[in-house]
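Asks: Sequence and predicted structure, then a few things I'm wondering about:
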Amino acid sequence: MAGVSAHLLPPVHYFLLFFLQMSLQSLQWGNVSSPTTFLLLGFSSAYKAQVTLCLGFLLIYLVTVLGNLLIMTLVWLDGHLHSPMYYFLGHLSFLDICYSSVTLPKILKDSFSPRKTISFVGCITQIYFFLCFGGSECMLLAAMAYDRYLAICYPLHYTTLMNKKICLCLVAVSWLNGSFSSLIQAFLTAHLPFCGSNVIDHLFCEVPFLLKASCSPDTRLNEAVSYALAGTIAMGSFLLIFMSYVRIIRAVLQRRAGRQKAFATCTSHLTVVCLFFGAGAITYLVPHSSRSKEMHEVLALLYAVLTPMLNPVIYSLRNSEVRGAIRKALHRGLLEQRVSA
């Protein structure tokens, strides 16, 4: 069940990305104020610091990719994990790999580059995918909370209310909303004038830092659209999660038995929600003027790099079914080695 919609959604991304890149190329040909490249001001240029950062980023990226691939493989192969909750978890792991891959490989490459540059098209494309995967993850976490609400509050009707078709629709809506909202923001950002200013004081391309680099006298439209779209997706998803857990807690407290098991099925998801939305809230709600450049970079790494790495760790440590699937896979691998030997 974990890969049902994986083959349906990439064509949408290819179409949107093709549309965006065609628009960017026509914009560059017709607008001399758009720079061909941007200069990214990353971390320290000291050699020892670069080596340490590169090794740290490489380790984080490997853990992120391997951990999430492990979750996806377990969900795909283990029959005990063929349920809506793990169907969503498989998509969450895929999103985390994509989310970290938008920024980390470029940051790794820049760790040893004397001049950290990114093309104009590459910068806008990075913004598109970063917002797309981030927005899709917000909505997917809300779908997972709704799934837990139905499972705990309506256990007798759960298989009817959360069937295969509903799961597919929830995942598709998550991907499509993230894709179209990010396309609008990337498109509007691409049409900003830069007047030769091509310095971005950040580790990677993000809308607020391009607005800051732009020479446009009025960026209120871009800011309003950006906050409206991001706020609608993020706050809407958070409110759905909050309302789901309020009802879950109320239903569990009214029970005399099974409280521990009911809460156990929610703790992993709730931990991931707090980590993801908490990091985003600190990053975007705390005034930028009150932070140093180093604080900007640390917060960016928190929500863009560390969160995707920690999600599979959280689910592996706090979910008994995932731990059981890992033990069975290891046991099966040992038996196959002994037989082959």
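Replies: Perfect, thanks for sending it.
Asks: what about this protein, any weak spots by pLDDT?
Replies: 1-35, 42-50, 196-197, 256-259, 261-262, 283-296, 317-319, 329-341 (pLDDT under 70).
Asks: Strands of that one, start to end?
Replies: For the chain, the strands defined by DSSP state E occupy 37-40, 117-119, 199-200.
Asks: Now tabulate those in TSV and tack on mean neighbour count.
Replies: The C-beta positions use only the backbone N, C-alpha and C, and glycine is treated the same way. TSV is the format used below for the strands of the chain (neighbours: other Cβ atoms under 10 Å):
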stretch	mean neighbour count
strand 37-40	19
strand 117-119	17
strand 199-200	18
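Asks: Same list, those, but as CSV with distance to Val252 please.
Replies: Below are these laid out as CSV (distance: least, Cβ to Cβ, whole Å):
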stretch, distance to Val252
strand 37-40, 48
strand 117-119, 48
strand 199-200, 47
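Asks: Of these, which is nearest Thr307?
Replies: Thr307 lies closest, by Cβ to Cβ, to one member of these: strand 37-40, at 21.2 Å.
Asks: what lines up beside the closest one in the sheet?
Replies: Paired neighbours of strand 37-40 in the sheet (DSSP bridges): strand 117-119 (antiparallel), strand 199-200 (parallel).
Asks: Residues in contact with the longest one: which ones?
Replies: Read it as strand 117-119. Residues from elsewhere that reach strand 117-119 (Cβ atoms under 8 Å, 6 or more residues apart in numbering): Thr36, Thr37, Phe38, Leu39, Leu40, Lys106, Gln126, Phe204, Cys205.
Asks: hmm, 10 Å instead?
Replies: The list of residues contacting strand 117-119 from outside it, by Cβ atoms under 10 Å, 6 or more residues apart in numbering, reads 24, 28, 35-40, 106, 109-110, 123-126, 198, 200, 204-205.
Asks: Near Gly135, how many other residues are there?
Replies: Counted with other Cβ atoms under 10 Å, residues neighbouring Gly135 total 25.
Asks: i'd like the first residue to be 72 from this point on
Replies: Sure, I'll start numbering at 72, so the last one becomes Gly206.
Asks: Quick check: it vs Phe334, distance?
Replies: To Phe334, Gly206 is 29 Å away according to Cβ to Cβ, to the nearest Å.
Asks: same thing with Arg398?
Replies: 23 Å.
Asks: neighbour count winner among the two?
Replies: Per other Cβ under 10 Å, whichever of Arg398 and Phe334 has more neighbours is Phe334, with 14 against 10.
Asks: Chain neighbours aside, what residue packs nearest to the residue most central in space within the chain?
Replies: Centroid-nearest residue in the chain: Gly205, 3.9 Å away (criterion: Cα atoms, centre = their mean). Leaving aside its sequence neighbours, Gly205 sits nearest to Tyr170 (Cβ to Cβ, 6 or more residues apart in numbering; 6.5 Å).
Asks: wait, isn't that neighbour in contact with Cys203?
Replies: Yes - counting by Cβ atoms under 10 Å, Tyr170 does reach Cys203; the two are 9.2 Å apart.
Asks: mind listing the helices for the stretch 72-221 of the chain?
Replies: 81-101, 118-148, 155-181, 191-224 (DSSP state H, counting those that start in this stretch).
Asks: filter the contacts of strand 188-190 to the buried ones?
Replies: 95, 99, 106, 109-111, 177, 181, 194-197, 269, 271, 275-276 (16 or more other Cβ atoms under 10 Å).
Asks: wait, doesn't Leu274 sit right on Lys180?
Replies: No - at 11.8 Å, Leu274 does not count as touching Lys180 under the criterion of Cβ under 10 Å.
Asks: Done for today, thanks.
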